[in-house]
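Enquirer: Could you work out the structure for the sequence below:
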Amino acid sequence: MEIGVVSDTHGRLAPAVLPALTGVELILHAGDIGHETVLAQLATVAPVLAIHGNTDQGTPLARTHPATRWIEQEDVLIYLTHIGGEPRHLMQALPRAIDGRLPQVYIFGHSHRPLCELHNGILFLNPGTAGAPRGAGLSVARLTVAGGQASAVIVRLGG
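Expert: Numbers count the residues shown, from 1 in each chain. Predicted coordinates:
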């Protein structure tokens, strides 16, 4: 299964995002959505699961979407949050699912800088920003999950 991963849209979706996500079966938004219309646009490609980010605080988005999510697809446990950090630091305090399992994929946003790094068997994934570039440009990620395994690629977008 292919999953599209976006973050930090801040109310606008770059035109290249939807074509970059063509063919995915699910889209995960890692917060700082900015406006519900962004999720509606993404939903034209595939179903969307989102969390709210720090800039969504105090808005209807924070009341509609949780701060974190656990998602299991194709026997791969995914943790979705907004603020992450360096994988080596995150390893010291990884969240655990209700059944005690650690995530196999830890997805976050916030920094607007893409990251795809395997650390101690856990895939840390930050798709960068799909709408509000800050030096690193625009990007999304495509996450592939199958048979209990996960891999991802960052897709750099023009503009």
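Enquirer: Need the residues that contact the helix or strand that contains Y106.
Expert: Using DSSP states H and E, Y106 maps to strand 105-109. Under the contact criterion Cβ atoms under 8 Å, 6 or more residues apart in numbering, strand 105-109 has outside partners 5, 7-8, 28, 30-32, 53, 76-85, 87, 90, 94, 122-129, 143, 145, 150, 152. To be clear about C-beta, it is placed using only N, CA and C from the backbone, and glycine gets the same treatment.
Enquirer: ditto for stretch 148-157
Expert: When contacts are defined by Cβ under 8 Å, 6+ apart, stretch 148-157 is touched by residues 5, 14, 16-17, 20, 74-76, 78, 104-105, 114, 116, 123, 125, 127-128, 130, 137-144.
Enquirer: Show me which residues of the lowest-mean-pLDDT helix or strand in the chain are buried.
Expert: Every helix and strand in the chain was compared by mean pLDDT, DSSP states H and E; the lowest is helix 87-90, with a mean of 87. Using 16 or more other Cβ atoms under 10 Å as the test for burial, helix 87-90 gives P87, L90.
Enquirer: which strands and helices sit next to that helix?
Expert: strand 115-119, strand 122-126 (3 or more Cβ pairs under 8 Å, 6 or more residues apart in numbering; DSSP states H and E).
Enquirer: on that earlier part again, mind checking the pLDDT average for the strand holding Y106?
Expert: Here strand 105-109 scores 97 as its mean pLDDT.
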